[in-house]
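Q: no sequence for this one, just the structure:
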(Lines give C-alpha, C1' and ligand atoms only; values in the text may rest on other atoms or scores of the structure.)
Protein backbone atom coordinates (compact mmCIF):
# COMPACT_ATOMS: atom_id res chain seq x y z
CA UNK A 1 0.00 0.00 0.00
CA UNK A 2 1.10 3.56 -0.66
CA UNK A 3 2.39 5.48 2.41
CA UNK A 4 -0.62 7.83 2.22
CA UNK A 5 -3.10 4.93 2.17
CA UNK A 6 -5.20 4.51 5.30
CA UNK A 7 -4.87 1.27 7.25
CA UNK A 8 -7.62 1.89 9.80
CA UNK A 9 -9.93 4.54 11.25
CA UNK A 10 -11.71 4.88 14.57
CA UNK A 11 -14.22 7.50 15.65
CA UNK A 12 -13.83 8.85 19.17
CA UNK A 13 -15.20 11.66 21.28
CA UNK A 14 -12.18 13.77 20.32
CA UNK A 15 -12.50 13.17 16.58
CA UNK A 16 -11.38 10.67 13.98
CA UNK A 17 -8.20 8.65 14.60
CA UNK A 18 -6.48 7.59 11.39
CA UNK A 19 -3.59 5.16 11.04
CA UNK A 20 -1.79 5.24 7.68
CA UNK A 21 -0.10 2.35 5.90
CA UNK A 22 3.39 3.56 6.84
CA UNK A 23 2.49 3.57 10.54
CA UNK A 24 1.88 7.30 10.91
CA UNK A 25 -1.10 8.19 13.09
CA UNK A 26 -3.10 11.41 13.05
CA UNK A 27 -6.22 12.72 14.72
CA UNK A 28 -8.73 14.97 12.95
CA UNK A 29 -11.25 17.04 14.91
CA UNK A 30 -14.85 16.41 13.89
CA UNK A 31 -15.45 20.13 13.36
CA UNK A 32 -12.41 20.29 11.03
CA UNK A 33 -13.59 17.31 8.99
CA UNK A 34 -17.14 18.62 8.81
CA UNK A 35 -15.90 22.09 7.77
CA UNK A 36 -13.94 20.48 4.94
CA UNK A 37 -16.75 18.26 3.70
CA UNK A 38 -16.91 18.34 -0.10
CA UNK A 39 -20.37 16.87 -0.63
CA UNK A 40 -23.04 18.74 -2.60
CA UNK A 41 -24.75 19.84 0.59
CA UNK A 42 -21.61 21.65 1.75
CA UNK A 43 -19.73 22.68 -1.38
CA UNK A 44 -20.79 24.31 -4.62
CA UNK A 45 -19.41 23.22 -8.00
CA UNK A 46 -17.14 26.28 -8.01
CA UNK A 47 -15.52 25.12 -4.78
CA UNK A 48 -17.24 27.59 -2.44
CA UNK A 49 -18.56 26.51 0.95
CA UNK A 50 -22.27 26.84 1.59
CA UNK A 51 -22.33 26.68 5.37
CA UNK A 52 -19.79 27.20 8.14
CA UNK A 53 -22.17 27.59 11.06
CA UNK A 54 -21.61 24.21 12.76
CA UNK A 55 -19.82 24.69 16.07
CA UNK A 56 -17.74 22.23 18.12
CA UNK A 57 -20.06 20.16 20.30
CA UNK A 58 -22.98 20.29 17.86
CA UNK A 59 -24.85 17.01 17.36
CA UNK A 60 -24.38 17.54 13.64
CA UNK A 61 -20.77 16.52 14.22
CA UNK A 62 -21.72 13.05 15.43
CA UNK A 63 -20.12 10.40 13.22
CA UNK A 64 -22.63 7.57 12.80
CA UNK A 65 -20.16 5.43 10.92
CA UNK A 66 -16.68 5.55 9.40
CA UNK A 67 -14.99 3.12 7.01
CA UNK A 68 -11.90 2.59 4.86
CA UNK A 69 -12.56 1.79 1.19
CA UNK A 70 -10.70 1.38 -2.11
CA UNK A 71 -7.66 -0.36 -0.59
CA UNK A 72 -7.10 2.50 1.81
CA UNK A 73 -7.47 5.29 -0.76
CA UNK A 74 -10.76 6.58 0.64
CA UNK A 75 -12.28 7.20 4.08
CA UNK A 76 -16.05 7.56 4.39
CA UNK A 77 -17.93 9.25 7.24
CA UNK A 78 -21.69 9.26 7.80
CA UNK A 79 -22.57 12.54 9.58
CA UNK A 80 -25.75 12.74 11.63
CA UNK A 81 -27.06 15.82 9.80
CA UNK A 82 -26.54 14.09 6.44
CA UNK A 83 -29.20 11.51 7.42
CA UNK A 84 -26.71 8.68 7.19
CA UNK A 85 -25.41 9.59 3.75
CA UNK A 86 -21.69 8.79 3.56
CA UNK A 87 -19.17 11.50 2.70
CA UNK A 88 -15.83 10.63 1.11
CA UNK A 89 -12.40 11.94 2.08
CA UNK A 90 -9.35 11.04 0.00
CA UNK A 91 -6.59 9.41 2.05
CA UNK A 92 -3.91 11.44 0.24
CA UNK A 93 -5.80 14.66 1.08
CA UNK A 94 -6.02 13.72 4.76
CA UNK A 95 -2.29 12.98 4.86
CA UNK A 96 -1.42 16.20 3.11
CA UNK A 97 -3.36 18.37 5.53
CA UNK A 98 -2.73 16.40 8.73
CA UNK A 99 -2.03 18.72 11.66
CA UNK A 100 -1.85 16.56 14.79
CA UNK A 101 0.87 14.46 16.42
CA UNK A 102 3.63 16.90 15.52
CA UNK A 103 2.77 17.22 11.80
CA UNK A 104 2.92 21.02 11.86
CA UNK A 105 6.10 20.98 13.95
CA UNK A 106 7.74 18.55 11.51
CA UNK A 107 6.74 20.79 8.62
CA UNK A 108 8.18 23.81 10.43
CA UNK A 109 11.47 21.99 11.07
CA UNK A 110 11.64 20.96 7.41
CA UNK A 111 11.16 24.58 6.30
CA UNK A 112 13.84 25.76 8.70
CA UNK A 113 16.28 23.12 7.44
CA UNK A 114 15.81 24.19 3.82
CA UNK A 115 15.61 27.90 4.55
CA UNK A 116 19.33 28.59 4.82
CA UNK A 117 20.06 27.55 1.27
CA UNK A 118 21.99 30.76 0.69
CA UNK A 119 24.37 29.89 3.55
CA UNK A 120 24.99 26.34 2.34
CA UNK A 121 25.91 27.52 -1.16
CA UNK A 122 28.68 30.08 -1.32
CA UNK A 123 27.60 33.46 -2.68
CA UNK A 124 30.94 33.67 -4.49
CA UNK A 125 30.13 30.66 -6.68
CA UNK A 126 26.35 30.27 -6.53
CA UNK A 127 24.06 32.33 -8.73
CA UNK A 128 20.88 30.56 -9.86
CA UNK A 129 20.45 31.24 -13.56
CA UNK A 130 18.56 30.16 -16.66
CA UNK A 131 18.79 31.04 -20.34
CA UNK A 132 16.27 33.36 -22.00
CA UNK A 133 15.76 31.06 -24.97
CA UNK A 134 14.94 28.13 -22.69
CA UNK A 135 12.43 30.22 -20.70
CA UNK A 136 10.65 31.34 -23.84
CA UNK A 137 10.68 27.91 -25.49
CA UNK A 138 8.42 25.87 -23.22
CA UNK A 139 6.51 25.54 -19.96
CA UNK A 140 9.40 23.44 -18.69
CA UNK A 141 11.70 26.43 -19.19
CA UNK A 142 9.28 28.76 -17.38
CA UNK A 143 9.00 26.25 -14.52
CA UNK A 144 12.78 25.98 -14.22
CA UNK A 145 12.93 29.75 -13.82
CA UNK A 146 9.97 30.34 -11.44
CA UNK A 147 10.86 27.36 -9.24
CA UNK A 148 14.43 28.65 -8.80
CA UNK A 149 13.08 32.12 -8.04
CA UNK A 150 10.70 30.70 -5.44
CA UNK A 151 13.35 28.54 -3.78
CA UNK A 152 16.41 30.78 -3.81
CA UNK A 153 14.70 34.16 -3.73
CA UNK A 154 16.20 35.26 -7.05
CA UNK A 155 17.21 33.98 -10.47
CA UNK A 156 19.23 35.48 -13.32
CA UNK A 157 17.99 35.12 -16.89
CA UNK A 158 21.01 35.24 -19.20
CA UNK A 159 21.26 36.22 -22.88
CA UNK A 160 18.05 38.24 -22.87
CA UNK A 161 17.70 40.36 -26.03
CA UNK A 162 18.91 43.90 -25.41
CA UNK A 163 15.65 45.50 -26.50
CA UNK A 164 13.38 47.82 -24.56
CA UNK A 165 10.12 46.15 -23.54
CA UNK A 166 11.63 42.67 -23.28
CA UNK A 167 11.38 42.79 -19.48
CA UNK A 168 7.59 43.11 -19.73
CA UNK A 169 7.46 40.27 -22.25
CA UNK A 170 9.23 37.98 -19.76
CA UNK A 171 7.10 39.09 -16.81
CA UNK A 172 3.93 38.42 -18.83
CA UNK A 173 4.86 34.74 -18.94
CA UNK A 174 3.75 34.77 -15.29
CA UNK A 175 1.02 37.39 -15.40
CA UNK A 176 0.20 41.05 -15.89
CA UNK A 177 2.73 43.58 -14.62
CA UNK A 178 1.81 45.72 -11.64
CA UNK A 179 1.08 49.34 -12.54
CA UNK A 180 3.06 51.35 -9.99
CA UNK A 181 3.64 55.09 -9.65
CA UNK A 182 6.50 54.76 -12.16
CA UNK A 183 4.29 53.13 -14.76
CA UNK A 184 4.08 49.56 -15.96
CA UNK A 185 7.81 49.60 -16.73
CA UNK A 186 10.49 52.00 -15.53
CA UNK A 187 14.02 52.94 -16.54
CA UNK A 188 16.85 53.06 -14.03
CA UNK A 189 19.55 55.44 -15.24
CA UNK A 190 21.21 58.55 -13.91
CA UNK A 191 19.26 61.74 -14.63
CA UNK A 192 20.05 65.42 -13.79
CA UNK A 193 17.03 65.82 -11.47
CA UNK A 194 16.12 62.32 -10.29
CA UNK A 195 12.59 61.69 -8.98
CA UNK A 196 14.03 58.68 -7.15
CA UNK A 197 17.47 58.10 -5.65
CA UNK A 198 17.71 55.05 -7.92
CA UNK A 199 17.77 57.44 -10.88
CA UNK A 200 21.09 58.89 -9.74
CA UNK A 201 24.65 57.57 -9.56
CA UNK A 202 24.65 57.31 -5.78
CA UNK A 203 25.04 54.09 -3.79
CA UNK A 204 21.84 52.36 -2.69
CA UNK A 205 21.78 50.51 0.62
CA UNK A 206 19.88 47.21 0.67
CA UNK A 207 16.17 47.94 0.47
CA UNK A 208 12.82 46.70 -0.82
CA UNK A 209 10.90 48.70 -3.40
CA UNK A 210 7.56 50.42 -2.75
CA UNK A 211 7.47 49.67 0.98
CA UNK A 212 5.00 52.57 1.26
CA UNK A 213 2.39 50.56 -0.67
CA UNK A 214 -0.22 48.61 1.29
CA UNK A 215 0.86 45.59 -0.74
CA UNK A 216 4.40 46.04 -2.12
CA UNK A 217 5.32 44.08 -5.26
CA UNK A 218 6.19 40.43 -4.83
CA UNK A 219 8.71 40.09 -7.66
CA UNK A 220 10.96 42.68 -9.27
CA UNK A 221 12.58 42.44 -12.70
CA UNK A 222 15.65 44.46 -13.74
CA UNK A 223 16.91 44.02 -17.31
CA UNK A 224 20.36 45.37 -18.15
CA UNK A 225 20.14 47.19 -21.48
CA UNK A 226 23.44 49.03 -21.22
CA UNK A 227 26.45 48.91 -18.92
CA UNK A 228 29.45 50.45 -20.65
CA UNK A 229 32.97 49.47 -19.68
CA UNK A 230 33.67 53.11 -18.92
CA UNK A 231 31.23 53.00 -16.02
CA UNK A 232 33.20 52.58 -12.82
CA UNK A 233 31.31 50.88 -9.96
CA UNK A 234 27.59 50.21 -10.07
CA UNK A 235 27.79 46.55 -9.04
CA UNK A 236 24.46 45.11 -7.87
CA UNK A 237 23.81 43.64 -4.42
CA UNK A 238 21.23 41.23 -3.00
CA UNK A 239 20.89 39.92 0.54
CA UNK A 240 18.38 37.51 2.07
CA UNK A 241 16.55 39.67 4.61
CA UNK A 242 14.50 36.77 5.97
CA UNK A 243 17.66 34.88 6.89
CA UNK A 244 19.23 37.96 8.50
CA UNK A 245 16.02 38.61 10.47
CA UNK A 246 16.03 35.02 11.77
CA UNK A 247 19.62 35.52 12.95
CA UNK A 248 18.56 38.81 14.53
CA UNK A 249 15.78 37.03 16.44
CA UNK A 250 18.27 34.60 17.99
CA UNK A 251 20.85 37.24 18.89
CA UNK A 252 18.63 40.15 19.94
CA UNK A 253 15.18 38.84 20.95
CA UNK A 254 14.16 42.09 22.66
CA UNK A 255 15.10 44.20 19.65
CA UNK A 256 13.39 41.66 17.39
CA UNK A 257 10.19 42.04 19.39
CA UNK A 258 10.29 45.81 18.91
CA UNK A 259 10.86 45.65 15.16
CA UNK A 260 8.11 43.05 14.76
CA UNK A 261 5.50 45.04 16.73
CA UNK A 262 6.26 48.78 16.53
CA UNK A 263 5.18 50.28 13.18
CA UNK A 264 7.71 52.27 11.17
CA UNK A 265 6.55 54.92 8.72
CA UNK A 266 7.23 54.34 5.02
CA UNK A 267 6.59 57.19 2.64
CA UNK A 268 6.87 58.60 -0.85
CA UNK A 269 6.14 62.31 -0.45
CA UNK A 270 7.04 63.97 -3.72
CA UNK A 271 4.61 66.45 -5.25
CA UNK A 272 7.23 68.25 -7.38
CA UNK A 273 7.00 65.79 -10.28
CA UNK A 274 4.81 65.21 -13.35
CA UNK A 275 2.54 62.87 -11.40
CA UNK A 276 2.54 64.07 -7.76
CA UNK A 277 2.77 61.38 -5.10
CA UNK A 278 1.91 61.43 -1.39
CA UNK A 279 1.93 57.84 -0.14
CA UNK A 280 2.34 56.81 3.51
CA UNK A 281 2.04 53.46 5.24
CA UNK A 282 2.80 52.27 8.77
CA UNK A 283 3.90 48.68 9.45
CA UNK A 284 6.53 46.90 11.55
CA UNK A 285 9.79 46.17 9.75
CA UNK A 286 9.51 42.44 10.45
CA UNK A 287 6.38 40.29 10.08
CA UNK A 288 6.04 36.83 11.59
CA UNK A 289 3.51 34.02 11.49
CA UNK A 290 1.84 32.49 14.54
CA UNK A 291 4.86 30.22 15.03
CA UNK A 292 7.22 33.18 15.20
CA UNK A 293 8.85 32.51 11.81
CA UNK A 294 9.82 35.53 9.74
CA UNK A 295 7.46 35.91 6.79
CA UNK A 296 8.39 39.39 5.54
CA UNK A 297 10.98 42.11 6.09
CA UNK A 298 10.10 45.68 5.15
CA UNK A 299 13.35 47.62 4.97
CA UNK A 300 13.70 50.77 2.88
CA UNK A 301 15.86 53.47 4.57
CA UNK A 302 15.52 56.01 1.72
CA UNK A 303 11.74 55.86 2.05
CA UNK A 304 11.18 56.03 5.78
CA UNK A 305 9.32 58.95 7.31
CA UNK A 306 8.82 60.33 10.83
CA UNK A 307 8.14 57.68 13.45
CA UNK A 308 4.61 58.14 14.82
CA UNK A 309 4.24 55.91 17.87
CA UNK A 310 3.69 56.32 21.60
CA UNK A 311 6.65 58.07 23.24
CA UNK A 312 7.77 55.07 25.31
CA UNK A 313 8.45 53.14 22.09
CA UNK A 314 10.60 55.78 20.37
CA UNK A 315 14.03 55.11 21.92
CA UNK A 316 13.57 51.30 21.97
CA UNK A 317 12.69 51.49 18.26
CA UNK A 318 15.84 53.39 17.33
CA UNK A 319 18.02 51.05 19.39
CA UNK A 320 16.47 48.05 17.67
CA UNK A 321 16.73 49.72 14.25
CA UNK A 322 20.43 50.43 14.77
CA UNK A 323 21.06 46.86 15.94
CA UNK A 324 19.34 45.36 12.89
CA UNK A 325 21.10 47.65 10.43
CA UNK A 326 24.46 46.85 12.05
CA UNK A 327 23.82 43.12 11.63
CA UNK A 328 22.43 43.53 8.11
CA UNK A 329 25.50 45.42 6.91
CA UNK A 330 28.04 43.19 8.68
CA UNK A 331 30.62 41.22 6.73
CA UNK A 332 29.40 38.07 8.50
CA UNK A 333 25.87 38.38 7.08
CA UNK A 334 27.11 39.28 3.60
CA UNK A 335 29.43 36.29 3.59
CA UNK A 336 26.48 34.06 4.56
CA UNK A 337 23.53 35.56 2.74
CA UNK A 338 24.78 38.30 0.42
CA UNK A 339 25.50 38.47 -3.29
CA UNK A 340 27.57 40.99 -5.26
CA UNK A 341 27.66 40.96 -9.06
CA UNK A 342 28.06 43.22 -12.07
CA UNK A 343 25.23 43.05 -14.56
CA UNK A 344 26.05 42.69 -18.23
CA UNK A 345 23.86 43.78 -21.15
CA UNK A 346 21.40 40.93 -21.65
CA UNK A 347 21.23 39.98 -17.97
CA UNK A 348 17.76 40.06 -16.44
CA UNK A 349 17.77 39.66 -12.67
CA UNK A 350 14.45 38.58 -11.13
CA UNK A 351 14.03 38.52 -7.36
CA UNK A 352 11.58 38.29 -4.48
CA UNK A 353 11.03 41.90 -3.41
CA UNK A 354 9.63 40.74 -0.05
CA UNK A 355 12.68 38.62 0.82
CA UNK A 356 15.77 39.82 -1.06
CA UNK A 357 16.85 43.37 -0.31
CA UNK A 358 18.59 44.88 -3.32
CA UNK A 359 21.03 47.73 -3.77
CA UNK A 360 24.07 48.87 -5.73
CA UNK A 361 27.44 50.48 -5.33
CA UNK A 362 27.93 54.10 -6.37
CA UNK A 363 29.19 54.63 -9.91
CA UNK A 364 30.64 57.25 -12.23
CA UNK A 365 29.46 57.47 -15.80
CA UNK A 366 31.47 60.27 -17.41
CA UNK A 367 32.58 57.99 -20.26
CA UNK A 368 29.61 55.62 -20.48
CA UNK A 369 26.10 54.81 -19.36
CA UNK A 370 24.28 52.30 -17.13
CA UNK A 371 20.66 51.60 -18.10
CA UNK A 372 18.31 49.04 -16.54
CA UNK A 373 14.62 48.61 -17.37
CA UNK A 374 12.35 47.14 -14.74
CA UNK A 375 8.85 46.10 -13.81
CA UNK A 376 6.98 44.36 -10.98
CA UNK A 377 4.62 41.46 -10.38
CA UNK A 378 2.19 41.15 -7.49
CA UNK A 379 3.00 38.37 -5.03
CA UNK A 380 -0.41 36.77 -5.65
CA UNK A 381 0.17 36.76 -9.42
CA UNK A 382 3.49 34.97 -9.03
CA UNK A 383 2.26 32.48 -6.42
CA UNK A 384 -0.80 31.63 -8.49
CA UNK A 385 1.39 30.83 -11.51
CA UNK A 386 3.80 28.86 -9.33
CA UNK A 387 1.06 26.72 -7.76
CA UNK A 388 -0.73 26.08 -11.06
CA UNK A 389 2.51 25.09 -12.75
CA UNK A 390 3.46 22.88 -9.81
CA UNK A 391 0.37 20.82 -10.61
CA UNK A 392 1.03 20.52 -14.34
CA UNK A 393 4.75 19.89 -13.80
CA UNK A 394 3.96 17.11 -11.28
CA UNK A 395 5.59 18.85 -8.35
CA UNK A 396 4.47 18.36 -4.75
CA UNK A 397 3.88 21.86 -3.41
CA UNK A 398 1.90 22.82 -0.33
CA UNK A 399 -1.39 24.39 -1.38
CA UNK A 400 -1.14 27.17 1.21
CA UNK A 401 2.29 28.38 0.21
CA UNK A 402 5.68 27.44 -1.10
CA UNK A 403 8.56 25.44 0.26
CA UNK A 404 10.16 28.73 1.25
CA UNK A 405 8.64 31.78 2.94
CA UNK A 406 7.72 34.05 0.06
CA UNK A 407 6.89 37.16 2.06
CA UNK A 408 3.09 37.30 2.07
CA UNK A 409 0.91 37.81 5.13
CA UNK A 410 -0.04 34.14 4.92
CA UNK A 411 1.30 31.78 7.62
CA UNK A 412 4.16 31.00 5.28
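A: In hand now; what should we look at? Because the structure is a prediction, the values reported are computed rather than measured.
Q: got a list of what the closest residue to residue 365 other than its chain neighbours touches?
A: Distances taken as CB to CB, 6 or more residues apart in numbering place residue 231 nearest to residue 365, at 5.1 Å, with adjacent residues excluded. Placement of C-beta: from N, CA and C, glycine included. Residues near residue 231 by CB atoms under 8 Å, 6 or more residues apart in numbering: 363, 364, 365, 367, 368, 369, 370.
Q: please repeat the previous calculation with a cut-off of 10 Å.
A: 190, 201, 342, 363, 364, 365, 366, 367, 368, 369, 370 (CB atoms under 10 Å, 6 or more residues apart in numbering).
Q: same check on residue 133?
A: Counted by CB under 10 Å, 6+ apart, residue 133 has contacts 141, 157, 158, 159, 160, 161.
Q: secondary structure, pLDDT and distance to residue 382 added to those residues, as JSON lines?
A: Output for the contacts of residue 133, formatted as JSON lines (DSSP: H, G, I helix; E, B strand; the rest coil; pLDDT from 0 to 100; distance: CB to CB, whole Å):
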{"residue": "141", "secondary structure": "helix", "pLDDT": "97", "distance to residue 382": "16"}
{"residue": "157", "secondary structure": "strand", "pLDDT": "98", "distance to residue 382": "15"}
{"residue": "158", "secondary structure": "strand", "pLDDT": "98", "distance to residue 382": "20"}
{"residue": "159", "secondary structure": "coil", "pLDDT": "98", "distance to residue 382": "23"}
{"residue": "160", "secondary structure": "coil", "pLDDT": "98", "distance to residue 382": "19"}
{"residue": "161", "secondary structure": "coil", "pLDDT": "98", "distance to residue 382": "23"}
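Q: what residue ranges in the protein score low on pLDDT?
A: For the chain, applying pLDDT under 70 flags the ranges 1, 44-57, 60, 82-84, 110-125, 191-199, 394-405, 407-412.
Q: let's see that with 50 instead.
A: 117-124, 401-403, 411-412 (pLDDT under 50).
Q: would you mind giving the domain segments of it?
A: 6-101, 111-392 (automatic domain parsing).
Q: please identify the deepest-packed of the ones you listed.
A: Mean neighbour count (mean count of other CB atoms under 10 Å) peaks for domain 111-392 among the domains of the chain, with a mean of 18.
Q: what's the closest non-adjacent residue to residue 59?
A: Per CB to CB, 6+ apart, closest to residue 59 is residue 80, 5.9 Å.
Q: of the contacts of residue 133, closest to residue 315?
A: Of all these, residue 315 sits closest to residue 157, with 45.4 Å by CB to CB.
Q: from what I can see the closest one touches residue 169, true?
A: No: using CB atoms under 10 Å, residue 157 makes no contact with residue 169, being 11.3 Å away.
Q: who touches both of those two?
A: Shared contacts of residue 157 and residue 169, defined by CB under 10 Å, 6+ apart, comprise 136, 223.
Q: re the thing from before, now for the contacts of residue 231: which two are most distant?
A: Maximum distance among these (CB to CB): 18.1 Å, for 342 and 366.
Q: check the contacts of residue 133 and tell me the two furthest apart.
A: So, those by CB to CB: farthest apart are 141 and 161, at 15.4 Å.
Q: the stretch 101-250 of the chain: helices as residue ranges?
A: Taking DSSP state H, counting those that start in this stretch as the test, the helices found in the stretch 101-250 of the chain are 103-115, 117-120, 132-137, 139-152, 166-171, 241-251.
Q: ok, which of the ones you listed comes nearest residue 86?
A: That would be helix 103-115 among the helices of the stretch 101-250 of the chain, by CB to CB, at 25.7 Å.
Q: distance to residue 257 for the helices of the stretch 101-250 of the chain - can I get that in JSON lines?
A: Shown next, in JSON lines, are these (distance: least, CB to CB, whole Å):
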{"stretch": "helix 103-115", "distance to residue 257": "20"}
{"stretch": "helix 117-120", "distance to residue 257": "24"}
{"stretch": "helix 132-137", "distance to residue 257": "42"}
{"stretch": "helix 139-152", "distance to residue 257": "29"}
{"stretch": "helix 166-171", "distance to residue 257": "37"}
{"stretch": "helix 241-251", "distance to residue 257": "9"}
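Q: for residue 262, find the nearest of those helices.
A: Of all the helices of the stretch 101-250 of the chain, helix 241-251 comes closest under CB to CB, at 14.6 Å.
Q: next secondary structure element downstream of the closest one?
A: Downstream of helix 241-251, the next assigned helix or strand under DSSP states H and E is helix 253-259.
Q: mind checking how far the helix or strand following that following helix is from the chain centre?
A: Of the helices and strands lying after helix 253-259 in sequence (DSSP H and E), the nearest is strand 264-270. Centroid separation for strand 264-270 versus its chain: 23 Å, with CA atoms, centre = their mean, to the nearest Å.
Q: and the angle from the helix or strand just after strand 264-270 to strand 264-270?
A: Going down the chain from strand 264-270, the next helix or strand is strand 277-283, by DSSP H and E. If you take axes from the mean of the first three to the mean of the last three CA atoms, to 10 degrees, strand 277-283 sits at 180 degrees to strand 264-270.
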